[in-house]
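Asks: No sequence on hand, only this structure:
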């Protein structure tokens, strides 16, 4: 049984995200106890929004971050579902050691928005993978943040 308060920021973020995703009928998602799982592109990444009480955590592949504004969570999820954002994952050997969410600039370059990485060194050949979604048309992404 879930003993968290009924109206946490995390729950508000899930409700706001479901409401915004209703505008995008091509987006598949499943709402479960305390989280919302959103399907990404075949060659992209899935996204999870978790109710962590007074924060909502957005997670995808190796990266995750906490948010305190439910509306910001919803908009960020839509951005992650579009080609306007991508996930850059750095590996050492077979272990992912760093995830960076990047946003696409008007000139076509990419800017880091949020970074998550391990603080312990892992030995192995370094490689980088870029994962992106195209579930939401980039022209339909909300800009008012």
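Replies: That came through fine. What you are looking at is a predicted structure, and each value in this text was computed from that prediction instead of being measured.

Asks: Now do the SS call for the closest residue to residue 37 other than its chain neighbours.
Replies: Using CB to CB, 6 or more residues apart in numbering and skipping residues adjacent in sequence, the residue nearest residue 37 is residue 30, 4.8 Å away. Where C-beta positions appear, they are placed from N, C-alpha and C, glycine not excepted. Per DSSP: H, G, I helix; E, B strand; the rest coil, the secondary structure class of residue 30 is strand.

Asks: For residue 30, the count of nearby residues, please.
Replies: 9 (other CB atoms under 10 Å).

Asks: Next: the one 3 residues further on.
Replies: Neighbour count of residue 33, defined by other CB under 10 Å: 7.

Asks: swap in residue 123?
Replies: As a burial measure, residue 123 scores 7 neighbours (other CB under 10 Å).

Asks: Equivalent analysis for residue 49, please.
Replies: 28.

Asks: That one should be in a helix, yeah?
Replies: No - applying three-state DSSP, one finds residue 49 to be strand, outside a helix.

Asks: Enumerate every residue touching it.
Replies: Residues near residue 49 by CB atoms under 8 Å, 6 or more residues apart in numbering: 10, 13, 14, 17, 35, 36, 38, 56, 57, 58, 73, 77.

Asks: hang on, the fourth one packs against residue 71?
Replies: This points to residue 17. No - counting by CB atoms under 8 Å, residue 17 does not reach residue 71; the two are 9.4 Å apart.

Asks: Neighbour count: the two, which is higher?
Replies: Between residue 17 and residue 71, counting by other CB under 10 Å, residue 17 is the more crowded of the two (26 against 17).

Asks: Thanks again, I'm all set now.
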